[in-house]
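Student: I'd like to go over a predicted model; first the sequence, then the structure.
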2 protein chains.
Amino acid sequence: MSTGADSALVVQKYGGSSVSTAEKIRSIARKICDRARTGDRLVVTVSAMGDSTDDLIRLANAATGPDISPPLREMDTLLSTGELVSSTLMAMAIHSLQQDAVSLSGQQAGIRTNAIHGSARIASIDTARINRELDAGRIVIVAGFQGLDDTGDVTTLGRGASDTTAVALAAALSAERCEIYTDVDGIYTTDPRIVPGARKLSEIGYEEMLEMASLGAKMNPRSIELAAVYEVPVLVASTFDDVPGTLIHGGEPTMELRRAVTGIAIDKNVAKITVRGVEDRPGVAGGILQPLADDGISVDVIVQNTSDDGTTDFTFTVGEADAQRALSAVERQGNVQFREVAQGGELAKVSIVGTGMQNGPGYASTMFTALAGAGVNIDMITTSEIRITCIVQRSDVSAAANALHDAFELDRTE
Amino acid sequence: MSTGADSALVVQKYGGSSVSTAEKIRSIARKICDRARTGDRLVVTVSAMGDSTDDLIRLANAATGPDISPPLREMDTLLSTGELVSSTLMAMAIHSLQQDAVSLSGQQAGIRTNAIHGSARIASIDTARINRELDAGRIVIVAGFQGLDDTGDVTTLGRGASDTTAVALAAALSAERCEIYTDVDGIYTTDPRIVPGARKLSEIGYEEMLEMASLGAKMNPRSIELAAVYEVPVLVASTFDDVPGTLIHGGEPTMELRRAVTGIAIDKNVAKITVRGVEDRPGVAGGILQPLADDGISVDVIVQNTSDDGTTDFTFTVGEADAQRALSAVERQGNVQFREVAQGGELAKVSIVGTGMQNGPGYASTMFTALAGAGVNIDMITTSEIRITCIVQRSDVSAAANALHDAFELDRTE
């Protein structure tokens, strides 16, 4: 039975902690059935149950033995089973509540990707099968995180990429919106564990959300990019608490969106690599950083200062976990001469984010003044159009975030 | 690198208890690599790890709730993940030993089935991908137990059907032979736990093996049928003990195969349903048994005796586990009038099996004499061309089996 053209098509996504037990799956199945009875047509993406992906990785490492990485092609098929399990269980649970449902693997859902195993990109989605199942009156459960490449092999989209599956499906199906249900109830002005006055936002723009992606909602940045490109409104809300969430959208800013600074992003795991006495010639930055790119290490803040002796100091930050690998990549490279390389750690990144900032001056000076007032020393500074980032000592994070939250009056609702 | 036309193509299968841990998978991977180094080209089918299929069934029941059966279509995709996990882990383990290997799902291996979820039959195997991988010098690991139907949905072939996958692959690939590695080291003349003198057979014919399928090797009967039809020699051997196994084949009988009685099959879980005072007219047997067939209950021995009063007594046996359902199916049916129905349990089935029996008389009388000599009362008798079966009291099984093993001198090698 088709429910007709006037019913809304909605894509939902439930994260791993929301489906970690059979009981939770039954509880979500009840929510889904209630929603279906309102007339909405539903496509639901699920992540793997709880820690099951980590369990599979442990099994792979045990099968492979120490010091050998399992082939990524095999890893992808292995890890894809986690979402097959949760999606079939969800379909079964809905079925037991007298609603018709069908689970589809990434392949069956028509999700085609490139062949980069472990971090594949979606190339296209053929929605024929999904539409057929929807037209037959079924709730469609799609295994997140996975697709199929041109050779018929299973690929995965990277950790946390069930968000990407959901947004991509919403775009391909021209869904009214995408709803991401998770264990937090929305996007906050900053991390509530660090700033007690942190306030939940009722809405946020795509670009701001991209900058804030490291905040509590832990949304996959690529899914936000995709939502922005295809203008898919994304609701982030709590799986189990029935409270309003945060709507991520690109429409006309309402009162709240017009606020200049929307939130404060915090990253507590920053390490700094400083290369001293670098020969000063064109191509130096690329020469130093290429081997890091080859090793898949993301570089964040980059600063270069010329010294008096004709050489230059080149500093950049990486995630704490990548620091050792970054250091040895620099030492290993033969492109660029330098005197010494050193690692500084125990750093953090505090950023103010807001689209309103691009149209007004004074945000940087307010930020620096607030940090100075809190006794926080700034190590490095970097900016984008809608963000100003300071690298500070990790021990200063709480003082910095609270001072900024106060200075920009983020606890105040309009 | 193709190893050329003179190298043997062998299909191996490892059961669930053989791959129940990552350590066991590594140990089998070593065996497989050793074998590959002899020049044989290998296609390896694996079952799901240990009890993982049962774990998935428990999850399904928890997600569905009590008294509701999960939809078989969803169940098939869920259960198929067990073999995807073990096959990818096996490919990873082989890879870590510096041999090239690739895992294929049932679908990727080209296994197409009908759409009977839960007990699908293989319709065809397109071996193009397997041959391509073999030609590239890879060991091919195929997830057992699964295939794909014409609508693109995953199907499973029934419990224990990884044997069927292995034999079907061997037939489709014209493999030299199929090797089933398991936790027993071959096919015995009878159950060694009951008859201490039971002897391992070095070979056995397909038909005899079909009759003996309930013995220690626990081979899937359908896989034996398939092996017989396509004349695939099947070796049953121990996974971990390097001792000769049993070769199941249909070629010229050697010394051992020419022996008249090959073995004694034992089934200790037999129940008897007796329907008394049945109207004596054509169609009675079908009328009584149809509702059992509808419920999927297998009926084994059937005996019908006419009484003096113009009615008849109709007796049949079923597996102990099906007895209650069989009883109520008979009571429920309205096709056939009868006076009363009763269930007798605690029975067992003891059979002598051997292709030589069809060409010589006297085997039945030897059997009955031996049983009488052991003080075993015979309840029912049924025969096929290569088998004579007696239903006896379960408490008499050991005495019966030992007496028959002696009478037919099965402990004696040629």
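Tutor: Here it is on my side, so go on. Residues are numbered from 1 along each chain as shown, chains lettered A, B, ... in the order given.
Student: how about the helices of chain A, start to end?
Tutor: A:22-37, A:52-64, A:72-96, A:128-135, A:162-172, A:206-212, A:221-230, A:284-294, A:323-332, A:363-373, A:397-407 (DSSP state H).
Student: Dihedrals phi and psi, the nearest residue to residue A:7 once chain neighbours are set aside?
Tutor: Once flanking residues are discounted, residue A:7 sits nearest to residue A:39: 4.7 Å by CB to CB, 6 or more residues apart in numbering or on different chains. In short, each C-beta sits where N, CA and C put it, glycine included. Here is the backbone geometry of residue A:39 (degrees, to the nearest 10): phi 110, psi -10.
Student: quick revisit: for the helices of chain A, give me CSV that also has mean neighbour count, mean pLDDT and distance to chain B.
Tutor: Compiled in CSV, the helices of chain A are given as follows (neighbours: other CB atoms under 10 Å in any protein chain shown; pLDDT from 0 to 100; distance: least, CB to the nearest CB, whole Å):
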stretch, mean neighbour count, mean pLDDT, distance to chain B
helix A:22-37, 18, 96, 3
helix A:52-64, 19, 95, 3
helix A:72-96, 27, 97, 4
helix A:128-135, 17, 97, 7
helix A:162-172, 27, 96, 17
helix A:206-212, 25, 87, 33
helix A:221-230, 20, 90, 25
helix A:284-294, 17, 85, 23
helix A:323-332, 16, 89, 22
helix A:363-373, 16, 91, 49
helix A:397-407, 21, 95, 40
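Student: Out of those, the one nearest residue B:339 is which?
Tutor: helix A:72-96 (41.9 Å; CB to CB).
Student: can you map out the strands along the stretch 101-250 of chain A?
Tutor: A:101-104, A:111-113, A:122-125, A:139-143, A:146-148, A:154-156, A:177-182, A:203-205, A:234-238, A:246-249 (DSSP state E, counting those that start in this stretch).
Student: Please save the CA atoms from the first one in PDB.
Tutor: So the one you mean is strand A:101-104. Listed next in PDB are the C-alpha coordinates belonging to strand A:101-104 (Å, rounded to 0.1, in the frame of the first residue of the first chain):
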ATOM      1  CA  ALA A 101       9.700  -4.000   7.300                       C
ATOM      2  CA  VAL A 102      12.600  -5.100   5.200                       C
ATOM      3  CA  SER A 103      16.400  -4.800   5.800                       C
ATOM      4  CA  LEU A 104      18.700  -4.000   3.000                       C
END
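Student: In the sheet, which residues pair with the residue lying closest to residue A:105 once chain neighbours are set aside? Tell me.
Tutor: Closest residue to residue A:105 apart from its sequence neighbours, by CB to CB, 6+ apart: residue A:143 at 5.1 Å. For residue A:143, the beta-bridge partners under DSSP bridges are residue A:46.
Student: So what's the residue count around residue A:143?
Tutor: Residue A:143 has 31 neighbours, counted by other CB atoms under 10 Å in any protein chain shown.
Student: I'd say it and residue A:102 touch.
Tutor: No - between residue A:143 and residue A:102 there is no contact under CB atoms under 8 Å: 11.8 Å.
Student: mind giving me the domain split of chain A?
Tutor: Annotated domains of chain A cover A:9-183, A:264-407 [automatic domain parsing].
Student: got the residues of the stretch 151-300 of chain A near chain B?
Tutor: A:152, A:153, A:154 (CB under 8 Å from any CB of the partner chain).
Student: Now do the first one against residue B:126, distance only.
Tutor: Right, residue A:152. 12 Å (CB to CB, to the nearest Å).
Student: on that earlier part again, any idea which of the residues of the stretch 151-300 of chain A next to chain B is closest to chain B?
Tutor: Comparing those against chain B with CB to the nearest CB places residue A:152 closest, at 6.0 Å.
Student: follow-up on the earlier one: just the buried subset of the residues of the stretch 151-300 of chain A next to chain B, written out for ChimeraX, thanks.
Tutor: In ChimeraX, a selection of the buried entries from these looks like this (16 or more other CB atoms under 10 Å in any protein chain shown):
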select /A:153,154
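Student: Output the residues of the stretch 151-300 of chain A next to chain B as JSON lines; include the columns pLDDT.
Tutor: Output for those, formatted as JSON lines (pLDDT from 0 to 100):
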{"residue": "A:152", "pLDDT": "96"}
{"residue": "A:153", "pLDDT": "97"}
{"residue": "A:154", "pLDDT": "98"}
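Student: Looking at the residues of the stretch 151-300 of chain A next to chain B, spot the one nearest residue B:49.
Tutor: Nearest member of those to residue B:49, counting by CB to CB, is residue A:154, at 19.0 Å.
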